[in-house]
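# Sequence plus predicted model, see below.
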Amino acid sequence: MPEKIHIEITEQKLNIAAAHEFVTDPAHGAIDSFVGVVRDFNMGKPVEGVSYDVFDELAEKILQTLCEDTMKKWEGKLNIYISHFKGRLDVGGVSVIIAVSSPHRAESFDACRHLIEELKHQVPIWKQEHYTDHDSEWVKGHALCAHG
Amino acid sequence: MSEIKIYMKLFGAFKKYGDEVDFTLPSGCTVLDVKNKLAETLEMDDAALITDSAIANDNEIISGDDVMFTEDSHLAILPPVCGG
């Protein structure tokens, strides 16, 4: 079976079962998945939710390039599923799912870690934390321009 | 010198100014010109946010001092990212 890539930005609840179903492959003995979840405390402040803003058109293109580069780095023996939420989530809500399958576990672990780290640095997604005192703040991130 | 119209989508920390703004600039303007005009249009006092933000269209991030905009353009301002 040829290697597969699935990318989506969605306002629907993310589905880990769908991720595993997509990457499952009879030739692959390992599936590694990363699930990002909204936690209740950040930078010394209690959090009640997070809103995710996404530049959909460019985010999907950059994710596609990231997945293709990851395929090359691990010589193509991967299936990759990435789904990122857009909108508001309460604490415990799932913001991102990355699932990677490969013939052996090392490639899945390494590629999955690579994908989430690069997603955080390259993809135009922003999060605004909402605190229990009703204040809100955009989280400082990684600059996409040469000045940052 | 002719003028061009810039239609700028706003994301992240720029959302407090709305979803999109537009302004005019002379044809041949650079990325820096666009960022400076955006800051002026929004009456921003956060110079670091403008400096650390990138300009993009729907297909790619646009960078480089030699890039010049010569026709009406649909762009986006991208503050530092933090997905996941």
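Everything's here; your move.
# got any ranges where chain A has weak pLDDT?
Low-confidence regions of chain A, defined by pLDDT under 70, span residues A:1-2, A:147-148.
# May I have the residues that are in contact with the one residue sitting closest to the centre of it?
The residue lying closest to the centre of chain A (CA atoms, centre = their mean) is residue A:96, at 4.2 Å. Contacts for residue A:96 (CB atoms under 8 Å, 6 or more residues apart in numbering or on different chains) come out as A:14, A:34-36, A:82-85, A:116, A:119, B:83-84. C-betas here are computed from N, CA, C, even on glycine.
# In contact with residue 50, which residues?
You didn't pick a chain, so chain A it is. For residue A:50, the residues meeting the contact criterion (CB under 8 Å, 6+ apart) are A:38, A:88-89, A:93, A:95, A:127-130.
# could you do chain B instead?
The neighbourhood of residue B:50, defined by CB under 8 Å, 6+ apart, consists of B:35-36, B:38-39, B:44.
# residues near residue 45, how many?
The chain I'm using is chain A. When neighbours are counted by other CB atoms under 10 Å in any protein chain shown, residue A:45 registers 12.
# wait, I meant chain B there
Using other CB under 10 Å, residue B:45 has 7 other residues around it.
# Just say helix, strand or coil for it.
Applying DSSP: H, G, I helix; E, B strand; the rest coil to residue B:45 yields a three-state assignment of coil.
# What separation do you get for it and residue B:39?
Look at residue B:45 and residue B:39: by CB to CB, to the nearest Å, they are 9 Å apart.
# returning to what we had before: in strands only, show me the contacts of residue A:96.
Counting by DSSP state E, the contacts of residue A:96 place A:34-36, A:82-85 in strands.
# Out of these, which are close to chain B?
Applying CB under 8 Å from any CB of the partner chain, the subset of the ones in strands among the contacts of residue A:96 adjacent to chain B comprises A:36, A:84.
# From the ones in strands among the contacts of residue A:96, keep the buried residues only.
If you count burial by 16 or more other CB atoms under 10 Å in any protein chain shown, the buried members of the ones in strands among the contacts of residue A:96 come out as A:34, A:36, A:82-85.
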